[in-house]
Each structure stands twice: as structure tokens, then as C-alpha cells.
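S.K.: A predicted structure for the sequence below; I have some questions about it.
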Amino acid sequence: MPVTRPLYAYYGDDFTGSTDVLEALSLGGVRTVLFTGMPTEAHRREFADCQALGIAGESRSRPPEWMDGHLPGVFERLGALGTPIIHYKTCSTFDSSVQIGSIGRALEIGRETLSPSFVPIVVAAPHLRRYVAFGNLFAAAGGTICRIDRHPTMRSHPVTPMYESDLRRHLAAQTRLPIGLVDLTAFAHGHAPAALAECLSRGDAAVLFDGVSDGELEETGRLLWRSARRQPLFCVGSSGLTYALMSAWRRAHVIADEAVGTSAAPLETLLVMSGSCSPVTERQIRTALANGYHGISLDSQSALGEAVTHLRAGRSTVIYSALGALPAAAQPGGEALGRRAGELLRRILTETRVRRVVLAGGDTSTHAVAQLGIHALTWAASLEPGAPLCRAHSQLPELDGLQLVLKGGQVGSDDFFERVRLWR
């Protein structure tokens, strides 16, 4: 079967965010595959009919020097696909810094490699309760909407705390490229096309788009798709960009408005591996323990044997690195924690019949999945926005068909783990 020319290609700066886009596209009727690394030709042929493809990356936890060595090759490969849209997918909290996960540096590399006419920046994701107003980012914390620099979790993120809500000021610490803004008043008065044209005439290399509702996203998608049909675009932003473009594709009858078919059934046993120190994940772990899950510290010397024993007995199990915020003197685990979690997870999966797993924590999930021998993920079901159930594709029989949820620390209700186990 000849390989389809993709409508859309993306690189996710971590694995949890990459599955967010996989879900959005699949729910919109766009056949999509997410590769866990640069795909071989054989892997491309395995998913030859897919209209969109992603590469789950790790740049969110890497310094600019790492990006300089890795991202140009990735962007060149994606550009060679001939797709009209290449998306550098970031978290909707946009957390990054000069030293780690520099979105500004990734923007520069994409611009240098692909030479787009400009770089759209779309961060607003109303479906995740993330909003951008006059260039400032807001995010939900429980029932409250907080400016990102006052968000109780993101202002004290252990790796990339957000001290600035104005995203243009935030990026100014990471890049010297001029960044324009299409703000809410332009959308409200029907002047968004003129506002974009003004930014470009002024020489802005990138343009940030406000968004507090589906209406702004739909107009943004229309503008960007019109531009991409003239010249391929390199874009930066959250899955809000994906939803914006799908709206434009539906209006242009490029895609049908129906989800890709799939199925899932409740299972007796669930394994949760958590490297998150988020209060949201803490509540989820404590709820699971109160409902009969067996809990194991990731630091336990007997974690492997204890997990295998309980899982073989049919008891769902949570392995966690932390219960809530780290002590002030503690260092975040990052890559080392993720690798350790992934190695333990692979050993557990080879010794048990567990077929559904939750990995909690963006950085942890990214580095853990890299240890599993999985080459691709496809969408299986939607649980909560931003945390879909995925099907793993692997050459290893014990891992092929594994059902996997990659959950960011801030995502999900208190009973999320049990909802994953019982999903039908």
C-alpha cells in the first residue's frame, strides 16, 4: 500500500502532550499514528493510510544544546513529508525556561530549518480550561481560573516554574525574535485577518493568537489553513492549535466529522506508575489506595516482587515516587526517575498479564516509555481531555496491544485510575 501524504505532522515535546494531539485528531476523524521515535520506512508502511503522524519527543526536559543537536533533523524529516502543517506541540501551560525546554529555542530552530513565512503560536485550549487573553495565559486550578504565574502548581513547578503570564515576555527571555499578537479585540470586531497582516508587515517573525472560546480558535484555524495552503507552516503551541485546524478542515470538507472507530472493555487489574508530584495526582493516588489499590514506593528495594505478587493476585497496584509536593531540599527526578520507572515497568509487564497501564507525570512518561520497546501508539478511547487510552504497537508479543494512558500531572478527576480500569 502506498504511504499517504500526511495532512498534518507534529513533534510533541513530551509523551503525554503527544497523546493529547493523537486523541484530538482521532476524535475528529483523522487517522493518526504517534511514533515513539523517528519512524523507519517499515513503520511508516505499517500505518500507510494515516492522514496525520506525530513523533513523541523529550525536548521539554532538555537544554537548548540538546535541541540544537536533535531538532533540526526531526524538522527536516517532517518537512520532507510535504505536509502543509508542522506543529511543535507544547504543553498548554507553556512552562519552559532558558535552561530547560526552551520553547523559544525550538521556535528558532523550526524557523531556521523550514523557512515559514511566519510562526503561529496557539496556546489557548478551552477544552483543557487554558485561556490566553491579551497575551496572558490563564489555567484552571480546581474550580478557579488562575493567571499562570499565580497558579498554585505551575508557579512552583519543580523544573520549569512559571513566573511570567505574558507569553511574549516569557518567550523574550528565550528568543530575540519579534513576536506579534492578534488579541481578543481583533477577534471581537472581525479584524483578526487585518491584525495578522499588520504583524507580518511590521516584520514579526512569530504571532501569538489570543483565545478564550471556540470562536477565537475557529477563526485562528481558518486564517492558518488559508496561509498553509499557500506555503507550509511551522507552528508552535498546544492541542488548541489542533482543534483550531480541524474546525477549518471540516468547513473545507477536508475531513469528516466522526471519530476513528475503536473499542475497550473493563479489566480486573490496573497498574499505575507515577512520577508526578502534582497535588492532582496525589489526590488520585490517595483515592485509589482508599479504594483497595496496593501502594508501593518506587524507592522500595522490593518493588518488583511486591508488584508482581499483587498483580498476579488480581489486585490493582500503584507505584509512586511521591505523594504530593517534594520537600524544598529534594531534587526533581527527571530523566533518571523516568528511566528507572520504565525499566521496572517493563520487567513487571513481562512477568504478569497486566494489559492496561497508567503512566502519570509528563517527564516520567516520556523517559519511561522509551524503555518499553514500543514503536507506535494509536488512539483507543477518550477518558478525560488530554489523557486518552492508547494502543501500543511493538515487535514484542508481551507489549503489542498493551493499553496505555499517559497522564500529565494536572490531568484527571480524583477517581481517574478507577475510571481507566473500568472503561468500556
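M.R.: Happy to help now that I have it. Numbering: from 1, shown residues only.
S.K.: what does stretch 180-187 contact?
M.R.: Under the criterion C-beta atoms under 8 Å, 6 or more residues apart in numbering, residues 133-135, 168, 191-192, 194-196, 198-200, 202, 204, 206-210, 212, 215-216, 219-220 lie in contact with stretch 180-187. Placement of C-beta: from N, CA and C, glycine included.
S.K.: and it, end to end?
M.R.: Taking C-alpha to C-alpha, to the nearest Å, the first and last residues of stretch 180-187 lie 15 Å apart.
S.K.: stretch 108-119 now?
M.R.: End residues of stretch 108-119 are separated by 9 Å (C-alpha to C-alpha).
S.K.: picking up where we left off before, among the contacts of stretch 180-187, which are in strands?
M.R.: Among the contacts of stretch 180-187, the members falling in strands (DSSP state E) are Ala133, Ala206, Val207, Leu208, Phe209.
S.K.: show me just the buried residues among those.
M.R.: Ala133, Ala206, Val207, Leu208, Phe209 (16 or more other C-beta atoms under 10 Å).
S.K.: for those residues, which two are the farthest from each other?
M.R.: Ala133 and Ala206 (18.5 Å; C-beta to C-beta).
S.K.: as a markdown table, the buried ones among the ones in strands among the contacts of stretch 180-187 with pLDDT and distance to Ser59 would be great.
M.R.: Below are those laid out as a markdown table (pLDDT from 0 to 100; distance: C-beta to C-beta, whole Å):
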| residue | pLDDT | distance to Ser59 |
| --- | --- | --- |
| Ala133 | 98 | 27 |
| Ala206 | 98 | 17 |
| Val207 | 98 | 22 |
| Leu208 | 98 | 20 |
| Phe209 | 98 | 22 |
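S.K.: from Pro116, how far out is the closest residue to Leu7 other than its chain neighbours?
M.R.: The shortest distance from Leu7 to any non-neighbouring residue, by C-beta to C-beta, 6 or more residues apart in numbering, is to Gln51 (4.8 Å). Distance of Gln51 to Pro116, given as C-beta to C-beta, to the nearest Å: 21 Å.
S.K.: and for Arg202?
M.R.: 17 Å.
S.K.: same question for Ser276.
M.R.: 35 Å.
S.K.: after the least confident helix or strand in the chain by mean pLDDT comes which helix or strand?
M.R.: Every helix and strand of the chain was ranked by mean pLDDT, DSSP states H and E. The lowest is helix 362-369, at a mean of 78. Sequence order places strand 374-384 as the next helix or strand after helix 362-369, per DSSP states H and E.
S.K.: SS state for Cys390?
M.R.: Secondary structure, DSSP: H, G, I helix; E, B strand; the rest coil: Cys390 is strand.
S.K.: which residues touch the nearest residue to it once chain neighbours are set aside?
M.R.: Closest residue to Cys390 apart from its sequence neighbours, by C-beta to C-beta, 6+ apart: Leu377 at 4.3 Å. Residues near Leu377 by C-beta under 8 Å, 6+ apart: Thr19, Leu22, Val33, Leu34, Thr36, Ala56, Cys390, Arg391, Ala392, His393, Leu404.
S.K.: hmm, which of the residues you listed are the buried ones?
M.R.: Among the contacts of Leu377, those classed as buried by 16+ other C-beta under 10 Å are Thr19, Leu22, Val33, Leu34, Thr36, Ala56, Cys390, Arg391, Ala392, His393, Leu404.
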